[in-house]
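*Asks:* okay, here's the prediction I keep looking at, along with the sequence it came from:
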Amino acid sequence: MKVHEYQAREVLLSAGVKMPQAVLARSGDEAAAAFTQLGGAVAVVKAQVHAGGRGKGGGVKLVKSADEAKREADRILSKPLVTHQTGPEGVPVRSVLVAAGVEIAKEYYVGVVLDRARGVPVMMASAEGGVEIEEVARTKPGAIHKEAFHPMLGLQPYSARKLAAAIGLTKKPAAAAAKLMLALGRVFLEKDCSLAEINPLVLTKSGEVTAIDAKINFDDNAVPRHADVEALYDPTEEDAAEIRARDAGLSYIALDGNIGCLVNGAGLAMATMDIIKLHGGEPANFLDVGGSVTADGAKEAFGIILSDPKVKAILVNIFGGIAKCDLIAEALIAAGREIGFKVPVVVRLEGTNVERARKLLEGAKGDLPTLITASDLTDAAQKVVKATK
Amino acid sequence: MSILVDKDTKVLCQGITGSAGAFHTKGCLAYGTKMVGGVTPGKGGLKDDNGLPIFDTVAEAVAATGANATMIFVPAAVCGDAIGEAADAGIELIVAITEGIPTLDMVKATRQVTERGAKLIGPNCPGVITPGACKIGIMPGYIHTPGGVGVISRSGTLTYEAVWQLSSRNIGQSTCIGMGGDPVHGLGFVDLLAMFQEDPGTDAIVMIGEIGGTDEEKAAAFIADKVTKPVVGFIAGRTAPPGRRMGHAGAIISGGQGTAESKMAALREAGVTVADSPARIGEAVAALLGVKG
């Protein structure tokens, strides 16, 4: 689960991380008031969206007066923000964070991620701050220093000191950075994060170490055991169809193509998208209905797929193992009769009782004129691509 | 003629009184698996519908039945604990079916498994099957055929698809393992490739990967170095957008890492026959083995 910068800041502030003062604003007037309240000569107005790349997208601006804060906030809030992570249509901006400006001497990076291959959390630090860490990893992998830590013992003070030294900090700033890394490591373990990152961490001209941005992703599987984390969920940042699917126990991701997919199992769902592309089509979505396919689940799945106006045809690909094909065919037919298939629907079933399932589908073609049956996966992909041409 | 499980494997079910645990215990028994009992705290002393004894703890169950494997269906929030309990009780093979376990719970549980010298399959997986001998998990048993192809996969239904393509060509399987879709899991491609390479009953290997992580790249390096048996690969997710989690918790391209292209290139480089289409996995194996489809 992603959260906004202002929410991540609150989590880190309560863990003892030092950050410049900041105020959340939902309008230009609120931003002007925030600037005055902070009382400094400069402030930074930052769009609060889940997507990264805000600076390059024009969502982060340095301002030097309350008037300028109002003007920039109004501009940012007036239209969707487009970054390299949002797609061309961008995302709406509902609030901005007005943060006190600091005089930066140098920028650093610190962040905790999970090393999948080793199954351990890792604290990373780099003197290459303020740019995307993925970019640093690509161009200067030696500039990223790492210390793995035990899930029960947590990051040890000596590891934090090693990292502070490795990124070139000494004396008081080194001690401050080490303390901050220990707090970040604690937050990662205590709140079940999948990412906890400060980029940039800055050394100010007066020698203070402070975090001027914060990003936290929480492990979706662990959110239910943290009421405080659950409260940070912002449904307005998510696709409405994806929320609807999750509520129905389906896994759905909208894509750019025009062929809807309804599949059981995540791996098979990805493979189905791939085979559509292989035969010259473009998938409109990823959709995993789960292992057992019910009439209600199928109905909801068709409803969600058809809510996308781009969809010109649907490919249903189900491997019936424990859930038998004939029961799945009945569920699909019941769903079709109730909602009506407005576009061609190619159905490919394989597995237990597939012969009976095919007979059921053939028999339902009178009621469902756009239903097309396929004999195998390749046949299904070819038929659904043809149906969109 | 197989790896990990055979007709003598004695299996427990943790969570045997839950609906999934009860349903699949019956399925495994019907397949011929030696199910010897179950564990549900608070229900010790009772018997399930099949007459299997139920115990309060895994340690008691092991002492009474001699079980050396377990199949876990307990809820995600307490599943890390159940895996640790099984490892602590001396179970050799732990198969965790449960989906949705918090990642840090798995970070802790995999340490316990390693410390105890146990093996873990999963979580968030269909399980393991040696056709005709032992099924531990939720896969449909009848699609499998005894034979010589080892199957390793991160997926569930896509594995069934591949197995179906093999069985329909009369190509049997030695053992099939769904290693699960989570970022932190038990046995991986490299561990299982090593076992299949050593297994005299395995002539060829199918590995089905997907986007996310670098397990397939590591597998490719291992294959180039150590595997002499023919390997057919497939990678799901060539059309998946970066930064989005495709159903499985571990199926995500992040920071340019974990793309299907990188995995396919690494496998091809290692001499693996990589199928372009998920419909051609069986065909590719048949061609390698010289079997007529």
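*Replies:* Everything's here; your move.
*Asks:* helices or strands up against the helix or strand hosting B:Leu104?
*Replies:* Counting by DSSP states H and E, the element that carries B:Leu104 is helix B:103-115. Applying 3 or more Cβ pairs under 8 Å, 6 or more residues apart in numbering or on different chains; DSSP states H and E, one finds that helix B:103-115 contacts strand A:120-126, helix B:76-88, strand B:119-121. C-beta coordinates here come from the backbone N, C-alpha and C atoms, glycine included.
*Asks:* give me the residues contacting the second one.
*Replies:* Under the criterion Cβ atoms under 8 Å, 6 or more residues apart in numbering or on different chains, residues A:221, A:224-225, B:14-15, B:57-59, B:70, B:72, B:74, B:94, B:96, B:98-102, B:105-106, B:108-109, B:112-113, B:115-116, B:118, B:120, B:123 lie in contact with helix B:76-88.
*Asks:* thinking again about what came up before, and among the helices and strands packed on helix B:103-115, the most buried is which?
*Replies:* Highest mean neighbour count of the helices and strands packed on helix B:103-115: strand B:119-121, a mean of 24 (counted as mean count of other Cβ atoms under 10 Å in any protein chain shown).
*Asks:* what's that one in contact with?
*Replies:* Residues contacting strand B:119-121 (Cβ under 8 Å, 6+ apart): B:4, B:83, B:87, B:92-96, B:109-110, B:113, B:127-128, B:177-180, B:185-187, B:191.
*Asks:* what of stretch A:147-161?
*Replies:* Residues contacting stretch A:147-161 (Cβ under 8 Å, 6+ apart): A:115, A:118, A:120-123, A:162-163, A:174, A:177-179, A:181-182, A:185-186, A:189, B:104, B:107-108, B:111.
*Asks:* and it, average pLDDT?
*Replies:* Averaging pLDDT along stretch A:147-161 gives 97.
*Asks:* just the C-alphas of that stretch, formatted as PDB.
*Replies:* The C-alpha coordinates for stretch A:147-161 follow below in PDB (Å, rounded to 0.1, in the frame of the first residue of the first chain):
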ATOM      1  CA  GLU A 147      23.900  -3.400   5.400                       C
ATOM      2  CA  ALA A 148      21.600  -6.400   5.800                       C
ATOM      3  CA  PHE A 149      19.900  -6.700   9.200                       C
ATOM      4  CA  HIS A 150      18.200  -9.400  11.300                       C
ATOM      5  CA  PRO A 151      14.400  -9.300  11.300                       C
ATOM      6  CA  MET A 152      14.300  -9.700  15.100                       C
ATOM      7  CA  LEU A 153      17.500  -7.800  16.200                       C
ATOM      8  CA  GLY A 154      16.900  -4.900  13.800                       C
ATOM      9  CA  LEU A 155      19.600  -2.600  12.300                       C
ATOM     10  CA  GLN A 156      22.500  -2.500  14.700                       C
ATOM     11  CA  PRO A 157      24.100   0.800  15.700                       C
ATOM     12  CA  TYR A 158      27.500  -0.300  14.300                       C
ATOM     13  CA  SER A 159      25.900  -1.000  10.900                       C
ATOM     14  CA  ALA A 160      24.400   2.500  10.900                       C
ATOM     15  CA  ARG A 161      27.800   4.000  11.800                       C
END
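*Asks:* any buried residues in it, and which?
*Replies:* Burial within stretch A:147-161, assessed by neighbour count using 16 or more other Cβ atoms under 10 Å in any protein chain shown, is assigned to A:147, A:149, A:151, A:154-155, A:159-161.
*Asks:* and B:Gly100, how far is that from A:Arg225?
*Replies:* 12 Å (Cβ to Cβ, to the nearest Å).
*Asks:* swap that for B:Ala22, please
*Replies:* 26 Å.
*Asks:* looking at these two, which one has more neighbours?
*Replies:* For B:Ala22 and A:Arg225, the more surrounded residue by other Cβ atoms under 10 Å in any protein chain shown is B:Ala22, and the numbers stand at 18 against 14.
*Asks:* for B:Gly127, phi and psi?
*Replies:* Backbone geometry at B:Gly127, expressed as degrees, to the nearest 10, gives phi 110, psi -160.
*Asks:* ok, and the closest non-adjacent residue to it?
*Replies:* B:Gly137 (1.6 Å; Cβ to Cβ, 6 or more residues apart in numbering or on different chains).
*Asks:* isn't that neighbour right next to B:Met71, touching?
*Replies:* Yes: if you go by Cβ atoms under 8 Å, B:Gly137 and B:Met71 touch, sitting 6.5 Å apart.
*Asks:* quickly list what's touching both of the two.
*Replies:* B:24, B:28, B:95, B:97, B:127.
*Asks:* ok, and the closest non-adjacent residue to the first one?
*Replies:* Spatial nearest neighbour of B:His24, chain neighbours left out: B:Ile138 (5.4 Å); criterion: Cβ to Cβ, 6+ apart.
*Asks:* tally of neighbours for the one you found?
*Replies:* For B:Ile138, using other Cβ under 10 Å, the count is 22.
*Asks:* separation between it and B:Ile72?
*Replies:* Taking Cβ to Cβ, one finds B:Ile138 at 12 Å from B:Ile72.
*Asks:* over to B:Thr239?
*Replies:* Applying Cβ to Cβ to B:Thr239 and B:Ile72 gives a distance of 33 Å.
*Asks:* quick one: which of these two has more around it?
*Replies:* More neighbours surround B:Ile72 than the other of B:Thr239 and B:Ile72, with 26 against 22 (other Cβ under 10 Å).
*Asks:* phi, psi of the residue nearest to B:Gly127?
*Replies:* Torsion angles, degrees, to the nearest 10, at B:Gly137: phi 150, psi -160.
*Asks:* residues contacting it?
*Replies:* B:24, B:28, B:71, B:95, B:97, B:125-129, B:178.
*Asks:* related to what we said a few turns ago, please spell out the PyMOL selection for the buried subset of the contacts of helix B:76-88.
*Replies:* In PyMOL, a selection of the buried entries from the contacts of helix B:76-88 looks like this (16+ other Cβ under 10 Å):
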select buried, (chain A and resi 221) or (chain B and resi 14+15+58+59+70+72+74+94+96+98+99+100+101+102+105+106+108+109+112+113+116+118+120+123)
